[in-house]
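**Q** Fold the following for me, if possible:
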Amino acid sequence: MLKPVHALVGGDLFLQLDALAELLRAAGADVQRIDLNGETAQLADVLDELRSFAMFSSRKMVVVREADEFVSRFRESLENYVAKPVPDSTLVLRMESLPKVQRIYKLIAKTGQIHECEAPADVVGWIIRRAKDAHKLAISRDAAEVLFDLIGSDLGRLDNELAKLALQSEGRADAAAVRESASFQREQEMQALTQALAIGQMAEALRRWRGMVQFTQAAEFRAVTWLCMWLEDVYTFLTQPEAFRNTWRYKTCMREFQQTCRRIGAARAAELINDLAETDYRSKSGFGEMADNVERFLLSIQ
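**A** Next up is the predicted model:
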């Protein structure tokens, strides 16, 4: 039976929405859902919704987005409600944080449920578990590591790619299946570009960039992400070599990558990360075309 109070706590949007979807499924197809913004919602409005009868349904669900401020403004009254909630309605609080020492946390844990929605430290492990639990897909650790290297820690995108792999791979996926998936073509092209940068082949990087933007504008929207990943690898290798993650992107060119890192230097790498952020901002603010701005940025690396 669905509990009357739930707190979705954490900064990962995908995990919050996934938990909310599970609650909606548990509530039944006829649940009456009301969404309110916690920054402007009044306590009286929320309680009125919870205590009034649902129209043409058996249950009400009141979802308060950005509820941190809402909880702060009405903490004592909310604690009183959570201690004795309406059994036929469900209050869902979507929050960035909720310290365990607070009384309201303990009350929600007693009468309802706390859902932790922070991105996992072990993303590769999450990929393996998510593939099995949500998509009935057995994915090898090598394949999960490749997927993580290609996509990063964006759980929403990772989940989408797992869904595609589940359809393409008949229930089992290895590293080759991940690399060969058509959905990764743009990522593979961007990976080839950053690998050219990693080994100091600037002319090859420019050639690949011009080829990509000639055939698809979608490359423009992935360029900043991939270039930032490469520069962060450079900076991490130079400043925290013990924390550097030896990803498969550099396994075939590690010596050249290290030489390129030392040639750029930590100070210049930090400057380039800032320049890249400025490139992204200017492009999205109408100061030049993204493709041209990225090319100018690539030329500035030399």
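**Q** what ranges do the strands span in the protein?
**A** Listed in chain order, the strands found in the chain under DSSP state E are 5-9, 32-37, 60-65, 89-95, 113-116, 138-139, 172-173.
**Q** which one of those lies closest to F237?
**A** Judged by CB to CB, the one of the strands of the chain that comes nearest to F237 is strand 138-139, at 28.1 Å. (Glycine included, C-beta is placed from N, CA and C.)
**Q** what about that closest one, distance to the chain center?
**A** Taking CA atoms, centre = their mean, to the nearest Å, the mean C-alpha location of strand 138-139 is offset from the chain mean by 21 Å.
**Q** tell me the mean pLDDT for that strand?
**A** Confidence over strand 138-139 (mean pLDDT, whole number) is 95.
**Q** before we move on, the earlier item: I'd like to know which of the strands of the chain lies nearest to V124.
**A** The minimum distance between V124 and the strands of the chain falls on strand 138-139, with 9.9 Å, by CB to CB.
**Q** Report the residue ranges of every domain in the protein.
**A** 5-116, 123-180, 184-301 (automatic domain parsing).
**Q** Throw these into CSV and include mean neighbour count, thanks.
**A** Output for the domains of the chain, formatted as CSV (neighbours: other CB atoms under 10 Å):
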stretch, mean neighbour count
domain 5-116, 17
domain 123-180, 18
domain 184-301, 16
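**Q** which helix in this protein runs the most residues?
**A** Of all the segments assigned as helix in the chain under DSSP state H, the longest by residue count is helix 218-239.
**Q** Contacts for that helix, please.
**A** Contacts of helix 218-239 with the rest of the structure, by CB atoms under 8 Å, 6 or more residues apart in numbering, involve 152, 186-187, 189-191, 193-194, 197-198, 209, 212-213, 243-245, 247, 249-250, 257-258, 260-262, 264-266, 269-270, 272-273, 276, 279-280, 283, 290-291, 294, 297.
**Q** same question, stretch 294-302
**A** Surrounding stretch 294-302, the residues in contact under the criterion CB under 8 Å, 6+ apart are 197, 202, 205-206, 209-210, 220, 223-224, 227, 264, 272, 275-276, 279, 283.
**Q** could I have it exported to CSV, CA atoms only?
**A** C-alpha atoms of stretch 294-302 as CSV (Å, rounded to 0.1, in the frame of the first residue of the first chain):
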residue,chain,number,x,y,z
VAL,A,294,34.3,25.9,-31.4
GLU,A,295,36.7,26.0,-34.3
ARG,A,296,38.3,29.2,-33.0
PHE,A,297,38.6,27.5,-29.6
LEU,A,298,40.4,24.5,-31.2
LEU,A,299,42.8,26.9,-33.0
SER,A,300,43.6,28.6,-29.7
ILE,A,301,44.8,25.3,-28.2
GLN,A,302,47.9,25.3,-30.5
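**Q** where in the stretch 101-250 of the chain is pLDDT low?
**A** Low-confidence regions of the stretch 101-250 of the chain, defined by pLDDT under 70, span residues 182-187, 215-221, 245-249.
**Q** quick one, helices of it?
**A** 103-111, 123-135, 141-151, 155-168, 175-180, 185-198, 202-215, 218-239 (DSSP state H, counting those that start in this stretch).
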